[in-house]
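# the following block contains a protein sequence and its predicted model.
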Amino acid sequence: MVLNIRKRVVAGLMFALVASSVVFAQDRGAVDFSLRSVDGQTVTTNSLRGEVVVLAFGASWLPLSKTQLQGVRKLADEYADRHVVVYWVSTESDDPKSKNFASDEQLRAFAQKYGLKVTVLRDPNGVVSKKFGIDQLPSLVILDKQGNISGAPIGGLDPQGNLAGQLASRLDKLL
């Protein structure tokens, strides 16, 4: 009986921790960041103000990223005329000595192979994704026009790659 009570207490504490982290993620406002594109441009929190932004975090080595790229491509196409800016963000290292290394050329080739037409950004080793509270790949973060995080990060993806359908209600509220 004592063991069951301990399990319930631990489960309750874990639920409270998860619930509070979701609320924290929803209420924490803007996250300052700077990401470099594979073409050498810099995207910052300030440069994105005035736009609704979707940051799709992934890695080229992750099998799910292929499905994610299809969804990102469809999302960008569907929302292009509605002023939603979509980026695919690679969390792979830019250090050639790292086993998690991908060069800019490799990431461009990966994006081209899967027909991705959005800008590819680099988040070496996931430094920025951690600021957003992302703990799994693939994941998405939506920023409102003021640069604030809109809701908790979305981990995983629709197996059909229907990000537009998955995000429609959240994006429509911000437009």
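Structure's in. What do you need? Keep in mind the model is a prediction, meaning the values are calculated, not measured.
# so which residues of this protein form helices?
All helices of the chain, identified by DSSP state H, fall at 2-27, 64-79, 104-113, 127-131, 163-174.
# check these for me: which has the lowest mean pLDDT.
Here the lowest mean pLDDT among the helices of the chain goes to helix 2-27, at a mean of 38.
# what's across from T119 in the sheet?
For T119, the beta-bridge partners are Y87 (DSSP bridges).
# again but with S37, I slipped
Legend: beta-bridge partners of S37 under DSSP bridges are L121.
# tell me the centre residue of the protein?
Residue closest to the average C-alpha location in the chain (CA atoms, centre = their mean): L140, at 3.0 Å.
# that one against A56, yeah?
Yes. Counting by CB atoms under 8 Å, A56 is a contact partner of L140 at 5.3 Å. Quick note: C-beta positions are derived from backbone N, CA and C, even for glycine.
# need the overlap of contacts for the two.
Listed contacts common to L140 and A56 are L163; contacts here mean CB atoms under 8 Å, 6 or more residues apart in numbering.
# run through the residues that contact D32.
With contact set as CB under 8 Å, 6+ apart, D32 has these partners: 44-45.
# phi and psi next, for it.
phi -70, psi 130 (degrees, to the nearest 10).
# and it, how far from K113?
When distance is defined by CB to CB, to the nearest Å, D32 is 33 Å away from K113.
# so how far is G40 from L64?
Per CB to CB, L64 is found 28 Å from G40.
# higher neighbour count, the two?
L64 (15 against 7; other CB atoms under 10 Å).
# can you tell me the closest non-neighbouring residue to that one?
P138 (5.6 Å; CB to CB, 6 or more residues apart in numbering).
# what distance do you get for the one you found to K97?
To K97, P138 is 25 Å away according to CB to CB.
# neighbour count for these two, which is higher?
Ranked by neighbour count (other CB under 10 Å), P138 and K97 place P138 first, with 25 against 6.
# contacting residues for the more buried one?
Going by CB under 8 Å, 6+ apart, P138 touches 56-58, 62, 64-65, 68, 155-157.
# cool, V89 as well?
Neighbouring residues of V89 by CB under 8 Å, 6+ apart: 35, 55-58, 120-123, 128-129.
# repeat that with 10 Å
Taking CB atoms under 10 Å, 6 or more residues apart in numbering, we find V89 in contact with 35, 37, 43, 55-59, 119-123, 126, 128-129, 132, 134, 137-141.
# one more: G156?
Listed by CB under 10 Å, 6+ apart, the contact partners of G156 are 64, 68, 136-140, 166.
# now, which of these sits nearest V86?
Checking these against V86 with CB to CB, the nearest one is L140 at 9.6 Å.
# can you tell me the closest non-neighbouring residue to the closest one?
Using CB to CB, 6+ apart and skipping residues adjacent in sequence, the residue nearest L140 is I154, 4.4 Å away.
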